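Asks: make a model of this:
(2 chains)
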2 protein chains.
Amino acid sequence: MGIPKQSVINMEFQLEEGIEILRQTPSAINALLSPLSSAWTERNEGPNTWSPFDVVGHLIHGEETDWIPRVRIIINDGETRPFEPFDRVAMFEKSKGKSLLELLDTFSNLRKANIQELEQMNLTPVKLEKRGTHPELGPVTLAQLLAAWVVHDLGHISQIVRVMARQYGEEVGPWSAYLTILGQ
Amino acid sequence: MGIPKQSVINMEFQLEEGIEILRQTPSAINALLSPLSSAWTERNEGPNTWSPFDVVGHLIHGEETDWIPRVRIIINDGETRPFEPFDRVAMFEKSKGKSLLELLDTFSNLRKANIQELEQMNLTPVKLEKRGTHPELGPVTLAQLLAAWVVHDLGHISQIVRVMARQYGEEVGPWSAYLTILGQ
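Replies: Numbers count the residues shown, from 1 in each chain, chains lettered A, B, ... in the order given. Predicted coordinates:
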């Protein structure tokens, strides 16, 4: 799994291809986590890190307050109104008392509604170049926001599997030399 | 997604918990990849790297020649007979002319049969401490082999999502600063 970092082949952002990923994320995470015992889904990587359960809560909060609300701001207000800052750790409070299956279900429903809203916006290539203002990053385009949403999904799937893999960091014995996910 | 590497909490290997992951991997990869266009599933990270399609072929070859055959060697021959070396890149030839859906289906069927065989072995904690000889790593236990199988699955799910995420490395613009999966 060695990666020559300099030779990445880039895809141009295309709305339909981006939506393909956004659409599969809930079912992918569902397939990954719903059959597992809490031994896998509730352990994290140590103090101030997230369990798979926490990650799903974070994704829910993103559906509610981050991605589509920012798309709306770009469409309606352009660069004049900066995005609201996103609370990355709101889920520690919000997920309390909920089950993983409940969270998975909520995420799936919110994502479905958000994709529907996105599709109804009829975003043309010209609209995708419209700009907004990120509170920290400055000027960003709608296409960059949507590409970031896609990569954010994939990043959190990667995080979920890494957190679980590292629980067996000691158990693999000498194989740790080959299993690069343990050293990430 | 910062990770304090020193504070990982380790789970002890338990056969039933390990099998939970082994069992969900085909459906997780299926959910991740089967709805996607080939733009996502056939791109890699540059020369000598793997696409998601290649990863599924590699997992198939592992089912056929690596994990369960090594379990059998440990059970039947212990340390006296070293494992066959595993060909990590056999899939480049073997997958030729096949579709991704065909590969996903093959992986799913092989995994199902292998888990069934594993369960029928009635591996007690004592048997799990039995040793074999890895051609490069030397003495390893059956529990370590099975834990490595689990982590290997998770590592390749991580690889699949990383390969796809990095296709948008340029497209996310300034968000690349926040999306750590792009720098892995």
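Asks: okay, and for chain A, where does confidence drop off?
Replies: A:1-8 (pLDDT under 70).
Asks: quick one: the helices in it?
Replies: Applying DSSP state H to chain A gives helices spanning A:15-33, A:38-41, A:52-65, A:67-77, A:91-94, A:100-120, A:125-128, A:142-166.
Asks: tell me the most buried of those?
Replies: Ranked by average neighbour count under the criterion mean count of other C-beta atoms under 10 Å in any protein chain shown, those are headed by helix A:142-166 at a mean of 25. Heads up, the C-betas are built off the backbone N, CA and C, glycines and all.
Asks: how much does it deviate in direction from helix A:100-120?
Replies: 160 degrees (axes from the mean of the first three to the mean of the last three C-alpha atoms, to 10 degrees).
Asks: quick check: closest non-adjacent residue to the residue nearest to the spatial centre of chain A.
Replies: Against the mean C-alpha coordinate of chain A, by C-alpha atoms, centre = their mean, the closest residue is residue A:153 at 2.7 Å. Sequence neighbours aside, residue A:25 is the residue nearest to residue A:153 in space, at 4.4 Å (criterion: C-beta to C-beta, 6 or more residues apart in numbering or on different chains).
Asks: surely the one you found and residue A:157 touch.
Replies: Yes. Here residue A:25 reaches residue A:157: they are 7.1 Å apart, a contact under C-beta atoms under 8 Å.
Asks: about what we covered before: can you list the helices of chain A in CSV and add distance to residue B:131?
Replies: Below are those laid out as CSV (distance: least, C-beta to C-beta, whole Å):
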stretch, distance to residue B:131
helix A:15-33, 32
helix A:38-41, 26
helix A:52-65, 33
helix A:67-77, 51
helix A:91-94, 43
helix A:100-120, 37
helix A:125-128, 58
helix A:142-166, 23
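Asks: which one of these lies closest to residue B:40?
Replies: With C-beta to C-beta as the criterion, residue B:40 lies closest to helix A:15-33 of the helices of chain A, at 6.7 Å.
Asks: what's the closest one packed up against?
Replies: Identification of packing neighbours for helix A:15-33 by 3 or more C-beta pairs under 8 Å, 6 or more residues apart in numbering or on different chains; DSSP states H and E yields helix A:52-65, helix A:100-120, helix A:142-166, helix B:15-33, helix B:38-41.
Asks: quick one: closest of those helices to residue A:92.
Replies: helix A:52-65 (7.0 Å).
Asks: and that closest one, anywhere near chain B?
Replies: No. Against chain B, helix A:52-65 shows no contacts by C-beta under 8 Å from any C-beta of the partner chain, the least distance being 9.2 Å.
Asks: can you give me the angle that helix makes with helix A:67-77?
Replies: Using the same axes, to 10 degrees: helix A:52-65 against helix A:67-77 is 20 degrees.
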